[in-house]
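Q: how would this look folded up:
(one chain, ligands or ions: 1)
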Amino acid sequence: MYLSLIPQLQKVPWKSIVLHPNIHPRHKFTLWLAILRRLATVERLLKFGIHVPPTCAFCDSAMETVDHLFFRCHITSSFWQRLLSWLGFHRAIGEWQDEVQWVCSYAKKKSGSGAIISSVFAMCVAIIWRERNGIRFQKGLFQLDRNIIYNSYVKFDATLPIIEAFTDEEIIALVIGVGEQAQEYGS
Ligand SMILES: [Zn+2]
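A: Residues are numbered from 1 along each chain as shown. From the prediction side, this is the model:
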């Protein structure tokens, strides 16, 4: 009777991302929890009888679940979309599982693209979660931390000259896509 459980336990397609050596250690844990659906989202807290404001901290229009945060929410999905275009990918964003699978397919590759896609994806998930916590607990405003972006790409400067060619401000402008905001973060 336990045999039916074994295939599920053996299938760890996400291992290639979470164990990727190029992912920043600070981002790894959040990514791992997100993939295991163990992040303390509202949906999960409610199951434990903990009542908190139920809607998404970003759009305030849907229940906060892992699937909503990554990336049904139009705000977080547009962030991931911008990161993808910055990396040169123009594709429609799917559900959380689809995105994990898509990144996994690259993470398995030995090329530089596997390293940077895994790393940027982990950064994206970690930033979304961190900003969500900031909004919920400190009533902060949604913004990107230039240091996190910097930490993520700086590891690849040797293998990815295209990234080296950008300044911090340009990277942020590319990622968030708005000139004025980039100036704001740069100040
Ligand atoms: Zn939302």
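
Q: pLDDT value on Lys139, please?
A: Model confidence at Lys139, expressed as pLDDT, equals 60.

Q: Ok, Ile176 next?
A: 44.

Q: same thing with Phe79?
A: According to the model, Phe79 scores 88 on pLDDT.

Q: quick one: it and Gly49, what's the gap?
A: For Phe79, the distance to Gly49 (Cβ to Cβ, to the nearest Å) stands at 32 Å. Backbone N, C-alpha and C define where each C-beta goes, glycine included.

Q: Which one of those two is surrounded by more residues?
A: Phe79 (22 against 6; other Cβ atoms under 10 Å).

Q: The more buried one contacts Cys124, doesn't it?
A: Yes. Look at Phe79 against Cys124 with Cβ atoms under 8 Å: they come within range, at 6.6 Å.

Q: Give me every residue in the chain lying close to the ion.
A: For the chain, the residues in contact with the ion (Cβ under 5 Å from the ion) are 56, 58-59, 73.

Q: Just the ones of these in helices?
A: Judged by DSSP state H, those include no members of helices.

Q: just those residues now: which is nearest His20?
A: Cys73 (25.1 Å; Cβ to Cβ).

Q: Tell me how many other residues crowd that closest one.
A: The number of residues packed near Cys73 is 23, by other Cβ under 10 Å.
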